[in-house]
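> here is a sequence with its predicted model. Questions after.
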Amino acid sequence: MDSLSQLALGAAVGVAVMGRRTAVWKAALWGGIAGTLPDLDVLIDHGDDLRNMTMHRGASHALFWLTLAAPVLAAAPALLHGERRHFKAWWLAIWLALVTHPLLDTMTVYGTHLLLPFRDEPLGVGSIFIIDPLYTVPLLIGVGVALWRRDSRGLGWNQLGLVLSTTYLAWSVVAQWHVRGTAQEALAARGTPPTRLLVTPSPLNTVLWRVVALREDGSYEEGFYSLFDAGRPMRFDRFEGTPRLREEIGDLEAVRRLANFSGGFMRLHQRDGQALVTDLRMGQEPHYVFSFLVARKQGDGWVPVEPQLQGSRGDVRRSLTWLWERSRGRDVAPPR
């Protein structure tokens, strides 16, 4: 999730755990710091753009390492504020603020290495977009009221914010499950079921969902479903694969790395003598956040190059207009 959401979640957790043991501002401050710390891994340069993308949410998001770090970090507020008698409470607050960060990240589609060092595969439920105001606002209001009132009612508002935001996460999973079933039925009715199916919300909401279906031949289909579609059949657009290009550069380390990180939801394509690999999970046709140049044409073959980010976002205003109209259930074709 975005940094503001993680800051708000960490602060809310800190206030909820510490309660009246310390000043609300102290609990919110240190909870917010702990809730933000895991994302400092973005400052690490792993060598190239693609490695930086796939190695984000790595060891700094692993439950094992965060659990080991918790008592060390908890010593800071306990000692600085002269509250050694509350060290165990600070330990619990800091630990929860740390581990809820990657747990929340895992609800997005990006991929989080939650189980390092025991398992390396990135995990991603994909039921909530990386920025969703309906998740973040209750937390901000709860923490804000707690800081303003500084009494039991303020703490109650903070708890309510946590309950509402967590309930919204649960709702997102239920909505995703419903859309997945609808998409599977629509695709099965058309013939051969896809080899893999991705169902993830469109930006800023859990009403309009994007569905990507991968096929055996490397082609894929993209469709959208709004919870207000009232039973209207899903429409899919088909995009052809590039089996020859996959055969020629599929063994490149950069291609294999993104294939593993994206769970196979990637495409290879060429443009002006350049070969690019694109993560199909984040964005929509024809604009994707993570698209990387990985090779250049030379004679009859391809020469690998250091991966360079080539992502695009398209016309934001036009996309937001379409998003609003399509979310309301209107049968509007996506901007291409």
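Structure received. Residues are numbered from 1 along each chain as shown.

> got the buried residues for the helix ranked longest in the chain?
Longest helix in the chain, counting residues (DSSP state H): helix 152-189. For helix 152-189, a neighbour-count test (16 or more other C-beta atoms under 10 Å) marks 154-155, 157-159, 161-162, 164-166, 168-169, 172, 175-176, 179-180, 182-184, 186-187 as buried. In short, each C-beta sits where N, CA and C put it, glycine included.

> all helices of the protein, in order?
Assignment of helices within the chain using DSSP H yields the ranges 3-18, 24-36, 49-55, 63-80, 87-106, 133-149, 152-189, 243-249, 253-261, 316-327.

> chain center to the last one, what's the gap?
This points to helix 316-327. The chain centre lies 21 Å from the centre of helix 316-327; the measure is C-alpha atoms, centre = their mean, to the nearest Å.

> who's in contact with the residue nearest the centre of the chain?
In the chain, the residue lying closest to the centroid (C-alpha atoms, centre = their mean) is Thr108, at 3.0 Å. Going by C-beta atoms under 8 Å, 6 or more residues apart in numbering, Thr108 touches 1, 124-126, 128-130.

> tell me which of those residues is nearest to Gln308?
Minimum distance to Gln308 across these is 22.6 Å, recorded for Ile130 (C-beta to C-beta).

> okay, the closest one: pLDDT?
What the model reports as pLDDT for Ile130 is 95.

> phi first, then psi, for it.
Dihedral pair for Ile130: phi -60, psi -30, per degrees, to the nearest 10.

> how far away is it from Leu104?
Going from Ile130 to Leu104 by C-beta to C-beta, to the nearest Å gives 10 Å.

> how about Thr195?
For Thr195, the distance to Leu104 equals 30 Å [C-beta to C-beta].

> pull the distance from stretch 89-106 to the chain's centre.
Chain-centre distance of stretch 89-106: 17 Å, with C-alpha atoms, centre = their mean.

> for it, list the C-alpha coordinates in CSV.
This file holds the C-alpha atoms of stretch 89-106, laid out as CSV (Å, rounded to 0.1, in the frame of the first residue of the first chain):
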residue,chain,number,x,y,z
ALA,A,89,3.8,-3.1,25.7
TRP,A,90,6.1,-1.1,23.4
TRP,A,91,7.6,-4.3,22.1
LEU,A,92,4.1,-5.6,21.2
ALA,A,93,3.1,-2.2,19.7
ILE,A,94,6.2,-1.9,17.5
TRP,A,95,6.0,-5.6,16.5
LEU,A,96,2.4,-5.2,15.4
ALA,A,97,3.1,-2.0,13.6
LEU,A,98,6.0,-3.6,11.7
VAL,A,99,4.3,-6.9,10.7
THR,A,100,0.9,-5.3,9.7
HIS,A,101,2.9,-3.4,7.1
PRO,A,102,3.8,-6.4,4.9
LEU,A,103,0.5,-8.1,5.7
LEU,A,104,-1.3,-5.2,4.3
ASP,A,105,1.1,-5.1,1.3
THR,A,106,0.3,-8.7,0.7
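
> what does it contact?
Stretch 89-106 is contacted by residues 1, 5-6, 9-10, 13-14, 17-18, 21, 27, 30-32, 34-39, 57, 61-63, 66-67, 69-71, 73-74, 77-78, 83, 112, 114, 123-125, 169 when judged by C-beta under 8 Å, 6+ apart.

> stretch 45-52 now?
42, 44, 55, 254, 257-258, 277, 292, 294, 306-309.
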